[in-house]
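A.B. asks: What follows is a predicted protein model with its sequence.
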Amino acid sequence: MWAVSTLTMLLLAGILPDFRLRSADGDSATDIAVTAAFGAGAFGLLSALVWPLLVRLLLLVPALVLGLLVFFLNGALLWLALHVTPVERGTAAPETAVV
């Protein structure tokens, strides 16, 4: 699962203009892949720990609003995961993270 998330982050970095992955030592393909792996790990960890709590807290919100809110919460977790990785290795604009 971690490999799929890493490949997805690399694909998104190639497609979306505001989603960039950088490494501290340079922009070699290996360093960027390691950055994507760190980002995928942070995103997976945050999703495993924070997501169940958010869903339980928001069970009282109507289904339509929750359906739209899911995209924003997932984007917020991705944005947070990119900022948790060391030396600002990844960035995404908030509106790009929602996509």
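C.D. replies: That came through fine. Numbering: from 1, shown residues only.
A.B. asks: tell me which element the nearest residue to L77 once chain neighbours are set aside is part of?
C.D. replies: Counting by Cβ to Cβ, 6 or more residues apart in numbering, the nearest residue to L77 once its immediate chain neighbours are dropped is L46, at 5.1 Å. Yep, even glycine has a C-beta here, placed from its N, CA and C like the rest. Take DSSP states H and E as the rule and L46 turns out to sit in helix 29-49.
A.B. asks: so after that helix, what's the next helix or strand?
C.D. replies: Per DSSP H and E, helix 29-49 leads on to helix 51-57 as the next helix or strand towards the C-terminus.
A.B. asks: How far away from the center of its chain is the next helix-or-strand element following that following helix?
C.D. replies: Going down the chain from helix 51-57, the next helix or strand is helix 63-84, by DSSP H and E. Taking Cα atoms, centre = their mean, to the nearest Å, the mean C-alpha location of helix 63-84 is offset from the chain mean by 9 Å.
A.B. asks: could you give the mean pLDDT of helix 63-84?
C.D. replies: This predicted structure assigns helix 63-84 an average pLDDT of 77.
A.B. asks: Kindly calculate the angle that that helix makes with helix 29-49.
C.D. replies: Per axes from the mean of the first three to the mean of the last three Cα atoms, to 10 degrees, the angle that helix 63-84 makes with helix 29-49 is 140 degrees.
A.B. asks: before we move on, back to that, would you check that my belief about the residue nearest to L77 contacting N74 is correct?
C.D. replies: No: the pair L46 / N74 is not scored as a contact, 10.3 Å apart, by Cβ atoms under 8 Å.
A.B. asks: picking up where we left off before, elements contacting the helix holding L46?
C.D. replies: Applying 3 or more Cβ pairs under 8 Å, 6 or more residues apart in numbering; DSSP states H and E, we find helix 29-49 packed against helix 2-15, strand 19-21, helix 63-84, strand 90-92.
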